[in-house]
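Engineer: please find the sequence and the predicted model below.
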Amino acid sequence: MRNDAEDVRLLQAHEANIPWRKWGPYLSERQWGTVREDYSKDGNAWDYFSHDQARSRAYHWGEDGLAGFSDEKQLLCFSVALWNGKDPILKERLFGLTNSESNHGEDVKEYYFYLDSTPTHSYMKYLYKYPQAEYPYWDLIETSKGRNRFEPEYELLDTGIFNADRYFDVFVEYAKQSPEDILIRITVCNRGPEAASLQVLPTLWFRNTWTWWPDTPKPILKAVPFKQSSAIAASHAKLGERWLYCEGDAPLLFTENETNNQRLFGTSNPSPWVKDGINNYVVQGKKDAVNPGRTGTKAAAQYQLNVGPGQTATIRLRLTDLAASATLDPFGSFDETMQLRQREADEFYRSVTPSRVNADEALVLRQAMAGMLWSKQYFGFEVDKWLEEHGADPLRPNSKQMRNSEWFHMINEHVISMPDKWEYPWYAAWDLAFHTVALSTVDVDFAKQQLGIMLQEFFLHPSGQIPAYEWNFSDVNPPVHAWAAIFLYRQEQALKGTSDVEFLKRCFAKLLLNFSWWVNRKDRFGKNLFEGGFLGLDNIGVFDRSAPLPTGGYLEQADGTSWVCLFCQNMLEIACELAAHDTFFEDLAIKFADHFLLIAHAMNGMGPDGMWDEEDGFYYDVLRLPDGTATRLKVRSMVGLLPLFATTVIEPSQRELLPRVNQILRERLLRMPELRESIHPTGPQHLGCCERGIAALVNPDRLRRILTRVLDENEFFSPYGIRALSRYHAEHPYTFNVNGQEYRVNYLPAESDTGMFGGNSNWRGPIWMPVNALLIRALLSYYLYYDDNFKIECPTGSGNLMNLFEVAREIANRLTRIFLRDKSGRRPVYGGTEKFQTDPHWKDYLLFYEYFHGDNGAGLGASHQTGWTGLVGGLIDLFGRLDAAQFLAGGKVDAFVREEPLVPK
C-alpha cells in the first residue's frame, strides 16, 4: 500500500467520507446537441440546439465550458472564457461540426489537452490553444461540407490559423487547499512573434434549475467589497455559501443564466440580462447587457492582458467556503500550495509508474490517466420528466411514442466517466466497463463505484438490460461488466491486500438479471446462439446488424455468442469466488458452467451452416434466410477473433475449494461427452502448467489456425496492434448481392467511406484499443495454461517462434508504440501533422483518439476518447511491472503473470 499524500486523500475519501472528490472537472465540453437538450419534434438534437444557440440558450440538464470545474451535482460552475478582440463571439465553449457538416461525422475543431490530474483532483492542469486571428468558424463548416468521404477531414491547423505561431497557450490549473477550497491559476503564454491582446474572463455561474423545477429557490451571485481584490459571493439553498476571489481590481460583470428569447425566438425576455449578456457586453460593446446592480446567476471577472512575444501573464483566483473577512488573505500562501500539490502529483505518479518504464512511457501513462480523470462529467437526465415535457407518458395507453420511452424509470444525476466530453458527452455501457479497468490503475474505489452505477435500480432496466447510451438506451452493448467486476475485485486484492466480497456480491446479483435478459431476449430460438445487433462494432458487418436485414431472416452472431460465452465464464469465476465464502453460490457456479458448455457446443457445431469454417480456419456470422437456408458471411473481422476472448484459467486452488462443483461437472462431461468435443480439452486428464485447468471456447487446433491469421502482417497484424478487419480485404473485398444491390466490405485503414452509424466510426480496418486489450488478456490466460508448450510464429512466416506471453507482449508493444517517439522523434499517433511532430510546444501533448490507422497508427475519430484508449496506460503499467518482476526473477514470468488481475485466477 502506498502512503503518499494523494493516497492519504484517497483513503480519507473512502474510509472517512471526506469529500475530496466533491469538486472536479465535471462540466461537459459540449452540452448543446445532446439528447437531453433536444425538445424537437423530429429528434434531431444537432439541429434543434446548435453551437450558435448555446451562448444564448440556458441548458436544462447540464452545463459546458472551457477547462470546466464544478461541484458533483453541477450546481455551481466555473470555466474560462476568452476573447482575442477579433472573434465574433466569446470563446466560452468548444466548437465542432455536426454529422451533416463534416465528411466523416461530428468532430471537435479545437486543440485542448488534459495534461495532469490526481484522482481526487487535488491538482489538475489543462491546456487550450487559442488563435490570435479570428477563429475560422465559417471556413471550417463550408470546406468540410464540400469534402467527400474519400477525402481527409479539414482540421483547424489546415486553415493556417496557427501559422507563425500566432496563438496563445492558455494553461488552467486547479489545486485544492482543502476539499472546499480550490486555487485556480490561469497562465497565458504568447507564442507569437509580436505582442498581442487577450481578454480572459474567469466565469462563475449556477446551473439553471429554477426555471425547470419552479419550486426550486433561485440562487444568487453578487459582488462584495474585499481589500485589493474583486470578489463574488455565491449563495445556493443546497450548496450553501461560496466566494470567488479574483486577484487584482478586475471589473466584475453580472447577468442571468437565462435564455435570450428575443435573439432566438423573437419573443420578449423576462429580464434585460440574459445568458449571452457578458458576450454582448465584451464583443459588441453593449453596456446595458450586464446588470449595473452587480448581481445575477452568471458572473465573470474581466482581465484585459497585453502579452509580449514569448512572454507570460498569470491570473490567480480562489473558489472557497472561506468568507471575506479583515484577516483573510486569499493569495498569501497560493504559490506555495500550488507548488506543493504539483509535487504531490509528481510523487503519486512516481509511485504508480513501474521502475522499468522509461521517461516517454511514463509521460504517456500520466497523460492517459489525466485524460481519464478529466473526462468525468456530471450527467443529469430524468427520463420521465423529459418525456413528460415532450407530452409523452408511457404509463398511459396510446401515449405518444418517444425516444427512450421504455426507460422512463431512469434518474441520472451522477458523475460518470465519459468516453469523450465533446464528441460523446454521455456514458456508453461497454465503454464504461473498460474505463473502470483503466481507472483502477490510479483509483480503484472510483472504478468500482462507476461499475456499480450501471447496475443500480435507476439505470438497470427492470428486464435486466443495461442501458447502452443516451441516443438509444435500448441498443445492445457487449456484456463486459462481469469481466470488469472480477478484474476490479482482483485489482483491489493486489493493491490493498483486501477482498471486497460485498462489492462482488452486489455486482453478481444484478448481473444475474442481465444474463437472464441476454438468454431471454437475444437467443431468439433458445439454441444458445446469440444476436445483439451491431454490439458496439458499428459498421463491421456487411449490413447494419441492428436494422432489419435486406434479405429477411436473422443473423447468428459469432461476436454476440462469444461475448455471452465470456460472460458465462466471468460469472462462473465470480460464483466460485463467492462460493468460497458462502456455499449458497455453488449451485450458481454449476449453472454458469452448464451455460458455458451449452453455448460452446452450439457455437462450435460442425457442418456447413455452423459458425466455424473448417476450410478458412475462422469464425463467421451466419445469415439464416427465411427459407431456412444458411450462409456464412465470410468477412475476416474482429467478429471472428472474439471466440478467442472466451478463455478462463482454473487454478488448482479453485478446484480444491469447490469439490462438489468440480465433481458434478466431471460427471456431466462423462455422461455427455459431446459437450466437450470441440471446446478446448478440459478435465483431470488435460491439466496444463502447474496443474491448471482451462475453460476455452477455442480448441488448440483452432487457436493455432486463428492466431496464424491474427499474426500475419498481411492480415490482422499491424505494426501498431491488431486491425479490426483483415488487410486481405483490401484486394479481396467481400461482396454480397441482394435483389440487384451489392453490399461490400473493403479494408479501410482510416475513416469510413460509409454513412452507416453516422460515418464517424470505422471497424473496417483501424486498430481499437479495447478489443486489443481483451485479446492480450486471452493470450496471457492461454500462456498460464500452456507455459512454453505452445509456441507460434510471430509474425506469421518469420520463423520467429514465441510463447503466448511473448505474443501478448509484442501486441502490447505495438499498441504503445502508437504514442511513443520513434527513432526519429516522431509519434505515430500524429501521422504527418508536422506541428505535432516537431514543434516543442506541441509534440509532447498527447491526444488519445477513438481508434488508429490500421497501417501507420495515426489517430482517428474522436480526439479525446481517453476513455477506453486510456487502457494504453494500463498496458504500460502491466508490462512495466512484469518486466520488473521478470528482471528480479531472472527471466521467469509465470508467477508474476498469475498475480495480475488482467488474467483470471
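Structural biologist: Received, thanks. Numbers count the residues shown, from 1 in each chain.

Engineer: where does pLDDT dip in the stretch 801-905 of the chain?
Structural biologist: The stretch 801-905 of the chain contains residues with pLDDT under 70 at 886-900, 902-905.

Engineer: number of residues surrounding residue 472?
Structural biologist: 14 (other Cβ atoms under 10 Å). Every C-beta, even on glycine, is put in place using the N, C-alpha and C of the backbone.

Engineer: measure it to residue 534 for me?
Structural biologist: 11 Å (Cβ to Cβ, to the nearest Å).

Engineer: just residue 550 next, same as before
Structural biologist: 15 Å.

Engineer: of those two, who's got more company?
Structural biologist: residue 534 (23 against 13).

Engineer: am I right that the more buried one is in contact with residue 547?
Structural biologist: No - look at residue 534 against residue 547 with Cβ atoms under 8 Å: they stay out of range, at 9.0 Å.

Engineer: measure residue 302 to residue 90 for me?
Structural biologist: To residue 90, residue 302 is 11 Å away according to Cβ to Cβ.

Engineer: need the residues touching each of the two.
Structural biologist: Common contacts of residue 302 and residue 90 (Cβ atoms under 8 Å, 6 or more residues apart in numbering): 201, 282.

Engineer: can you pull out the strands in the stretch 251-400 of the chain?
Structural biologist: Assigned strands in the stretch 251-400 of the chain, in chain order: 252-255, 295-296, 298-301, 303-307, 312-320, 376-382 (criterion: DSSP state E, counting those that start in this stretch).

Engineer: can I get those in a markdown table with mean neighbour count, mean pLDDT and distance to residue 113?
Structural biologist: Converted to a markdown table, those look like this (neighbours: other Cβ atoms under 10 Å; pLDDT from 0 to 100; distance: least, Cβ to Cβ, whole Å):
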| stretch | mean neighbour count | mean pLDDT | distance to residue 113 |
| --- | --- | --- | --- |
| strand 252-255 | 24 | 98 | 28 |
| strand 295-296 | 22 | 98 | 32 |
| strand 298-301 | 28 | 98 | 24 |
| strand 303-307 | 16 | 98 | 20 |
| strand 312-320 | 19 | 98 | 18 |
| strand 376-382 | 23 | 98 | 16 |
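
Engineer: in a markdown table: those, plus distance to residue 708.
Structural biologist: Formatted as a markdown table, those follow (distance: least, Cβ to Cβ, whole Å):
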| stretch | distance to residue 708 |
| --- | --- |
| strand 252-255 | 66 |
| strand 295-296 | 67 |
| strand 298-301 | 62 |
| strand 303-307 | 59 |
| strand 312-320 | 57 |
| strand 376-382 | 42 |
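
Engineer: of the ones you listed, which is nearest residue 456?
Structural biologist: With Cβ to Cβ, the closest approach to residue 456 among the strands of the stretch 251-400 of the chain belongs to strand 376-382: 13.1 Å.

Engineer: so where's the chain shaky on pLDDT?
Structural biologist: In the chain (pLDDT under 70), the answer is 1-2, 758-760, 886-900, 902-905.

Engineer: tell me which stretches of the stretch 651-800 of the chain form strands.
Structural biologist: 693-696, 717-718, 721-722, 734-738, 741-745, 791-793.

Engineer: list the helices and strands the third one packs on?
Structural biologist: Meaning strand 721-722. Secondary-structure packing of strand 721-722 (3 or more Cβ pairs under 8 Å, 6 or more residues apart in numbering; DSSP states H and E): helix 769-786, helix 804-817.
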